[in-house]
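Asker: just need the structure, nothing else, for what follows:
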Amino acid sequence: MMDKFIDCLINNNHKCLVNSGEATEAEIQAAWEKIWEEYCVLLNQPNYKIILKTLQNIVLYESKLIAIDYCMIVLSRQYSEPCIEILKKFGFDYKFDFNDKEQFDKDIQNVQSVSKITLIKLKDERNNYSNHLKKTQSKSRKETDFDKTFISLSKFMGYKVSPYSTTVSEYCSMISMIKKDSGYGR
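Answerer: Numbering: from 1, shown residues only. Below you'll find the model as predicted:
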């Protein structure tokens, strides 16, 4: 409901998203990010596309690092053609000749060294994501701004619109209707 959304946005109280049971800080943050993403998509926020691209890069780099790590674990114990194929697809075009143990170890060390670039890219993308998210969320919003919006929505809709019974999706749809009706959303 919008009351929880407003509490999260204005007061940074993401714990209000937990209805029952317990959730980790990471789960709560992930839930808030999903809600914020829905809000941005529904209201066609301009920074959303940048945020989405940044999230895609984060997932790409995380997946790549996980795959590399697993391949390195396997290759440290035994030869694995599938792992070598994965590493080669990621651009690690080394010989990986298990019969030449010294060269094989060097190839593995090279993979570890070069994969640190991906780790640096991941950290950069996470920082970019955090910065973009802060920009879109920190536009000096106050609870009174939402109060005024709900009053306007009630007037436009012809009935009382309450933050306690209105979902984020419904709220965004009403805002879009007002924009369209006023010619602002065309």
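Asker: now residue 110. Nearest residue, chain neighbours left out?
Answerer: residue 94 (6.2 Å; Cβ to Cβ, 6 or more residues apart in numbering). Quick note: C-beta positions are derived from backbone N, CA and C, even for glycine.
Asker: phi and psi next, for the one you found.
Answerer: Main-chain dihedrals, residue 94, degrees, to the nearest 10: phi -100, psi 170.
Asker: which residues touch it?
Answerer: Residue 94 is in contact with 87, 107, 110-111, counting by Cβ atoms under 8 Å, 6 or more residues apart in numbering.
Asker: of the residues you listed, just the buried ones, ChimeraX syntax please.
Answerer: Filtering those down to the buried ones (16 or more other Cβ atoms under 10 Å) takes a single ChimeraX command:
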select :87,107,111
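Asker: which of the contacts of residue 94 fall within helices?
Answerer: Per DSSP state H, helices hold the following members of these: 87, 107, 110-111.
Asker: want to throw these into a markdown table with pLDDT and distance to residue 162?
Answerer: Formatted as a markdown table, the ones in helices among the contacts of residue 94 follow (pLDDT from 0 to 100; distance: Cβ to Cβ, whole Å):
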| residue | pLDDT | distance to residue 162 |
| --- | --- | --- |
| 87 | 95 | 56 |
| 107 | 93 | 63 |
| 110 | 94 | 61 |
| 111 | 94 | 57 |
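Asker: with the residues you listed in mind, which one is nearest to residue 178?
Answerer: residue 87 (53.9 Å; Cβ to Cβ).
Asker: one step back: and the contacts of residue 94, which two are furthest apart?
Answerer: Among the contacts of residue 94, 87 and 110 lie farthest apart (Cβ to Cβ), at 10.2 Å.
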